[in-house]
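Trainee: How does the following fold in three dimensions:
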Amino acid sequence: MESVLLKVIWYLVHLIVNLFETIYYFGLEFRENFHNFITNITKDKPSSTKESELQLIESSVQDLEKIPKHIIVILNINNEKDVDLSQLTNLIYWSMNSGVNFISFYDYKGIVKHQLASSLHHIISKKLNISDNENIVWGPNYLKGSNSDGVKFPHRNGYRRHIVINLYSSDDGYGKFNELLTDELYKKATNFGDDETLNSRNITIDKVDRKLSKLFGNIPDPELAIYFGNITCTAGVLPWHIRLTEFIQIAYKQHHLSLDKYLRVLHKYARCEQRFGK
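Mentor: Purely as a prediction, here's the structure:
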């Protein structure tokens, strides 16, 4: 009898928690929709045109103390229907015109990387003008299987409208890291110019950095990771590369994304103080 009572209590507790969780997330979505509605009806003029977006971006970022060179977008998705490619294109366009040189998209299952890469490329080519498309470079993981010899990465020479796009999955996270440690560091120590086989004492940060640079290309670690939803979760994203990465929520859902929210994230990042090891 006592065990049955405990099961009933346990069931009721779970039911109440799930109910409050549902109400909480419904409230978040309602707040997002209400905010978007008020913002749209109080604007003096529409700001959806490319010219007005560029003006807003330029005026918003010119006083920022720092702008991330590399932004990684964490997508918590289960299937293709969860991905809004139009919003991903917006993020690319906004980032390129904000002075960001690299933008990466990560989802654990690799849905964007393996199933939607061509569709994303098509939408970007269709949505952006010719000059913008000429300033977009696709990273080496997108070019795998093609006849390309590699990627010419942009230099920070004062011309800001260049951006490199990379697509990642869990295969590029812990899996790639474990592969490097086992196959590259232990079995191929001569690649580092060492005379003896590496052991755990010989593994240094510099050696790992050099090998990862060969695997991922000349890409800086992401200074900023943006995510959707109310839970901060790395989802296994590039564990070695996020030692100094700042994680900031950008919107509750992808379709709630707007330029205003993107710019608020940049301003929040600019106020952050990042230190190695903290």
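Trainee: tell me the domain boundaries of this protein?
Mentor: Domain assignment for the chain, taken from automatic domain parsing, gives 1-42, 49-270.
Trainee: among those, which gets the worst mean confidence?
Mentor: Per-stretch mean pLDDT for the domains of the chain is lowest at domain 1-42 (a mean of 74).
Trainee: rewinding a little: can I get the domains of the chain in a markdown table including mean neighbour count?
Mentor: (Each C-beta comes from the backbone N, C-alpha and C, glycine too.) As requested, those are exported to a markdown table (neighbours: other Cβ atoms under 10 Å):
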| stretch | mean neighbour count |
| --- | --- |
| domain 1-42 | 10 |
| domain 49-270 | 16 |
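Trainee: where do the helices sit along the stretch 51-200 of the chain?
Mentor: Taking DSSP state H, counting those that start in this stretch as the criterion, the stretch 51-200 of the chain carries its helices at 85-98, 111-115, 117-127, 130-134, 140-143, 174-179.
Trainee: For residue 2, which of these is the nearest?
Mentor: Nearest to residue 2 among those is helix 174-179; the distance by Cβ to Cβ comes to 44.0 Å.
Trainee: Send me that closest one as PDB with only the CA atoms.
Mentor: In PDB, the C-alpha atoms belonging to helix 174-179 read as follows (Å, rounded to 0.1, in the frame of the first residue of the first chain):
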ATOM      1  CA  TYR A 174      34.200  14.900 -29.300                       C
ATOM      2  CA  GLY A 175      34.500  12.300 -32.100                       C
ATOM      3  CA  LYS A 176      37.100  14.300 -34.000                       C
ATOM      4  CA  PHE A 177      38.900  15.200 -30.800                       C
ATOM      5  CA  ASN A 178      39.100  11.500 -29.600                       C
ATOM      6  CA  GLU A 179      40.300  10.500 -33.100                       C
END
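Trainee: Make JSON lines from the helices of the stretch 51-200 of the chain and add distance to residue 231 to it.
Mentor: Rendered in JSON lines, the data for the helices of the stretch 51-200 of the chain read as follows (distance: least, Cβ to Cβ, whole Å):
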{"stretch": "helix 85-98", "distance to residue 231": "19"}
{"stretch": "helix 111-115", "distance to residue 231": "19"}
{"stretch": "helix 117-127", "distance to residue 231": "25"}
{"stretch": "helix 130-134", "distance to residue 231": "34"}
{"stretch": "helix 140-143", "distance to residue 231": "27"}
{"stretch": "helix 174-179", "distance to residue 231": "20"}
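Trainee: Which one, of these, ends up nearest to residue 233?
Mentor: Smallest distance to residue 233 across the helices of the stretch 51-200 of the chain (Cβ to Cβ): 14.3 Å, for helix 174-179.
Trainee: got a list of contacts for the closest one?
Mentor: The set of residues that contact helix 174-179 without belonging to it, under Cβ atoms under 8 Å, 6 or more residues apart in numbering, is 215, 236, 239-240.
Trainee: now, which of those residues lie within helices?
Mentor: Among the contacts of helix 174-179, the members falling in helices (DSSP state H) are residue 215.
Trainee: what's the most distant pair in the contacts of helix 174-179?
Mentor: Across the contacts of helix 174-179, the two members that end up farthest from each other (Cβ to Cβ) are 215 and 236, 16.2 Å apart.
Trainee: Now do the SS call for residue 231.
Mentor: Using DSSP: H, G, I helix; E, B strand; the rest coil, the structure places residue 231 in coil.
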